[in-house]
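how would this look folded up:
(chains A and B)
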Amino acid sequence: RKEVEQDPGPFNVPEGATVAFNCTYSNSASQSFFWYRQDCRKEPKLLMSVYSSGNEDGRFTAQLNRASQYISLLIRDSKLSDSATYLCRTDSWGKFQFGAGTQVVVTP
Amino acid sequence: GAGVSQSPRYKVAKRGQDVALRCDPISGHVSLFWYQQALGQGPEFLTYFQNEAQLDKSGLPSDRFFAERPEGSVSTLKIQRTQQEDSAVYLCASNLAGEQYFGPGTRLTVT
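Residues are numbered from 1 along each chain as shown, chains lettered A, B, ... in the order given. Got it, this is the predicted structure:
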């Protein structure tokens, strides 16, 4: 079992709708959490850090649930340009783990 | 430059050849990471440097893989006697306060 797991999707989302997905991690010592987006054949780009209290950046909201060991990403008012693969990353005492990504496809 | 750069962007190697992949991190970033990303997978950690010190190489898949960063800036990932399973995108990232910034990657194809 991988230490960081994501639903691969694809999540097909009508433009303007809301989509949310999770990333579960097995290492309870994980300390830092991040969301990245990756476009096809491009490098991952940092989307946002995930704080214990949750955080919001425009249409994107990230939450951390330490008790259940998952982080979530919610995208409101989806745009066509949000179509991408969303990767989560956890850090645990210098061990950096990425999930395999969740593909989101926003349709007109 | 403003971001992480990597070269070459694409490399085709015959099985058994040695390859060297270069990474120029963001100026001032002391931490540098190498990842391997296979198609449809997330980046898999290979190794990590802080300045010139290689602090973790636990992700290197075999002793054919070797990384160095002799002066604490540019890093080179070397793969000896390449095998077909080495075909992947090799990503370099430099790190500031936990936030990693990736280079465009080197797509290695071993034929």
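
Please make it C-alpha for all contacts and neighbour counts, starting now.
Noted.

Now do the contacts for A:A62.
Shown in contact with A:A62 (Cα atoms under 8 Å, 6 or more residues apart in numbering or on different chains): A:M48, A:V50, A:Y51, A:G54, A:N55, A:E56, A:I71, A:S72, A:L73, A:L74.

What count of nearby residues applies to residue 74?
Going with chain A. Using other Cα atoms under 10 Å in any protein chain shown, the number of residues around A:L74 comes to 16.

Hmm, no, I was thinking of chain B.
19.

and the nearest residue to it once chain neighbours are set aside, what are its bridge partners?
Of all residues not flanking B:V74 in the chain, B:D24 sits nearest, at 4.8 Å (Cα to Cα, 6 or more residues apart in numbering or on different chains). Counting by DSSP bridges, B:D24 forms beta bridges with B:S5.

so what's the residue at minimal distance from the centre of chain B scoring on pLDDT?
The centroid of chain B falls nearest to B:W34 when counting by Cα atoms, centre = their mean (3.8 Å). Per-residue confidence at B:W34 stands at 97 (pLDDT).

Neighbours of B:D18, how many?
Neighbours around B:D18, by other Cα under 10 Å: 15.

Got phi/psi on the residue lying closest to it once chain neighbours are set aside?
Excluding its sequence neighbours, the residue lying closest to B:D18 (Cα to Cα, 6+ apart) is B:Q80, at 4.3 Å. Main-chain dihedrals, B:Q80, degrees, to the nearest 10: phi -100, psi 150.

how close does B:Q80 sit to B:Y10?
17 Å (Cα to Cα, to the nearest Å).

Neighbour count for these two, which is higher?
Taking neighbours as other Cα under 10 Å, B:Q80 and B:Y10 compare with B:Q80 leading, 17 against 14.
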